[in-house]
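*Asks:* sequence unavailable; structure follows:
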Ligand code: 5GP
């Protein structure tokens, strides 16, 4: 029995974190892949829940040891998905949500043989994105400018994804993403809780 990777990419400030929180609490048998990063924790972020916060030498050692399914440098920091915890959750039958950037998603598309679907979350438009990025007040001006530039670039990658969810309203976007996950389970003949029908012993 093996679950599916739900790869979700979105430019920074799209509202992805809020959408994912809703989906994680609404859909059964879903796990979140906690990435490693070298960026500083934001206020309220918890080590081991939001990210594993590590320093650059530790991250680079993990790269050298081949511990990552994928990793990338995003906004001048390293981000990566460790393979081992992912495998354990997949083996237990969980579908796993990976919140990763377009580079990481491309690596998985190219190199991984794990079952995966790719979903891109987009803001209604770029001016809305700028408004949201400034509104959350967690980044300084230089960081905002860098993230907006990256966002324009990232939006060009959305064609490579199987699904596009436009975040016009958070509730709608969360419902659409939940629907995509349920549709994927139906396609691969799983129950609502993500378990296989065949061999489930019932
Ligand atoms: P943030 O700093 O806003 O939490 O995340 C910045 C970007 O890094 C987001 O686009 C997010 O999806 C991406 N990211 C988070 N974790 C990973 C990861 O493990 N791998 C890759 N490639 N990108 C990640």
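*Replies:* That came through, no problem. It should be emphasised that the depicted structure is a prediction, and the values quoted were computed from it without experimental measurement.

*Asks:* okay, now the residue of the chain found nearest the ligand: neighbour count?
*Replies:* Closest contact between the chain and the ligand, by CB to the nearest ligand atom, is at residue 104 (2.4 Å). Placement of C-beta: from N, CA and C, glycine included. As a burial measure, residue 104 scores 23 neighbours (other CB atoms under 10 Å).

*Asks:* what is the mean pLDDT for the host helix or strand of it?
*Replies:* Residue 104 is part of helix 102-111, with elements assigned from DSSP states H and E. The average pLDDT within helix 102-111 is 96.

*Asks:* now do the contacts for residue 32.
*Replies:* Applying CB atoms under 8 Å, 6 or more residues apart in numbering to residue 32 gives the contacts 20, 24, 96, 97, 99.

*Asks:* highest neighbour count among those residues?
*Replies:* Highest neighbour count within those, by other CB under 10 Å: residue 99, with 23 neighbours.

*Asks:* verify the stated contact: it with residue 14.
*Replies:* No: applying CB atoms under 8 Å as the test, residue 99 and residue 14 come out as separate, 10.9 Å apart.

*Asks:* for residue 37, give me the pLDDT.
*Replies:* 98.

*Asks:* can I assume it is in contact with residue 53?
*Replies:* Yes: contact criterion CB under 8 Å: residue 37 and residue 53 qualify, at 6.3 Å.
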